[in-house]
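# only the shape, not the letters, is given here:
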């Protein structure tokens, strides 16, 4: 079944644009055991990893919608990913609350074919990239054919930016390179693909100013606020979200490692202005994802 959204935008309170599916219906995890344990320690989160159906129920109970995805990094991790096609099919079953993004390891020789299939057959609305975990420089022109497919299809490219809890504390960070997730590496992508909508995921610590610079200069870029409690947001990010970037900042949690409940509770204690919150929580994502009638 191909995904088509059936989200009643007026009936939901928020759209969480950053939700990981970390275990599939067969019990297979998206990451090998050592990385799951390291991420749990990093986030001080050792709770359950719900499957897609449970994620749908969780967000439906909260009257929220969620963008769901995994990360395909089989080349670097030597670990088979969760199927993005299965995620798209699951989202089609729960199309009142879920929006599927795909993920394809850029190093695959058939990466372009996989991207096209997820768009054409699965109906995915975007793709998740994690340069540090997938081990690629997003500004390298060898990846441009993939971006061209995304731009032509009108789907979103969501890139992890900033430091990561994946591999944190393991010897040598398990060989992962943080610099690949510097948001400045997305500046040439945004320049060369001006119709490709690019989300820079997370407060981009320690490169927050770089992310704000890219977003200010390239209006096809967005920032999601996932992965950090709002009480830790850099002041420059809060100032931007309150003013000159308020129409291109998006609510995201990083569920299940950070819950939307905690995110909203902590956000209420920050200096984020009440008048910008409807845009951050829902309206900006509705516009980006084309969910408005």
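Right, received. Where do you want to start? Quick caveat: nothing in here was measured; it's all calculated off a predicted structure.
# CA atoms for contacts and neighbours, from now on please.
OK.
# what is the burial count for residue 108?
14 (other C-alpha atoms under 10 Å).
# which parts of the worst-scoring helix or strand of the chain on mean pLDDT are buried?
Ranked by mean pLDDT, DSSP states H and E, the weakest helix or strand in the chain is helix 33-43, scoring a mean of 75. Buried residues in helix 33-43, defined by neighbour count with 16 or more other C-alpha atoms under 10 Å: 35-40, 42.
# same deal with stretch 210-222?
Using 16+ other C-alpha under 10 Å as the test for burial, stretch 210-222 gives 210-212, 214-216, 218-222.
# quick one: contacts of it?
Stretch 210-222 is contacted from outside by 182-184, 186-187, 190-191, 194-200, 204, 223, 237, 240, 245, 248-250, using C-alpha atoms under 8 Å, 6 or more residues apart in numbering.
# name only those of the residues you listed that count as buried.
Among the contacts of stretch 210-222, those classed as buried by 16+ other C-alpha under 10 Å are 182-184, 186-187, 190, 195-200, 204, 223, 237, 240, 245, 248-250.
# give me the below-cutoff pLDDT ranges for this protein.
Applying pLDDT under 70 to the chain flags residues 44-48.
# redo that, cut-off 90
Flagging of the chain using pLDDT under 90 yields the residue ranges 1, 24-49, 165-169, 292-293.
# what about the strands in it?
For the chain, the strands defined by DSSP state E cover 14-20, 64-69, 98-100, 126-129, 156-160, 198-201, 221-224, 249-250.
# angle of the fifth one against strand 14-20?
Read that as strand 156-160. Per axes from the mean of the first three to the mean of the last three C-alpha atoms, to 10 degrees, the angle that strand 156-160 makes with strand 14-20 is 60 degrees.
# oh, and call the first residue 606 from now on, that's how I've got it
Shifting the count to begin at 606 puts that one at strand 761-765.
# report the contact partners of residue 657.
By C-alpha under 8 Å, 6+ apart, the residues touching residue 657 are 626, 628-630, 692, 695-696.
# what do you get for residue 807?
Residues in contact with residue 807 (C-alpha under 8 Å, 6+ apart) are 765-767, 828-833.
# export those residues to CSV and tack on distance to residue 678?
Shown next, in CSV, are the contacts of residue 807 (distance: C-alpha to C-alpha, whole Å):
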residue, distance to residue 678
765, 13
766, 16
767, 18
828, 23
829, 22
830, 23
831, 21
832, 19
833, 23
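# closest one of those residues to residue 776?
Taking C-alpha to C-alpha as the measure, residue 776 sits nearest to residue 767 out of the contacts of residue 807, at 19.6 Å.
# would you agree the closest one is in contact with residue 812?
Yes. Here residue 767 reaches residue 812: they are 6.5 Å apart, a contact under C-alpha atoms under 8 Å.
# joint contacts of these two?
By C-alpha under 8 Å, 6+ apart, the residues touching both residue 767 and residue 812 are 787-788.
# these two - which one has more neighbours?
Applying other C-alpha under 10 Å to residue 767 and residue 812 shows that residue 767 carries more neighbours, namely 22 against 17.
# and the more buried one, what are its phi and psi?
Phi and psi for residue 767, reported as degrees, to the nearest 10, are phi 80, psi -170.
# would you mind measuring from it to residue 789?
In this view, residue 767 and residue 789 are 10 Å apart by C-alpha to C-alpha, to the nearest Å.
# ok, the residue of the chain most remote from its centre to residue 639 distance?
Largest separation from the mean C-alpha position in the chain: residue 776, at 26.4 Å (C-alpha atoms, centre = their mean). Applying C-alpha to C-alpha, the value for residue 776 to residue 639 is 11 Å.
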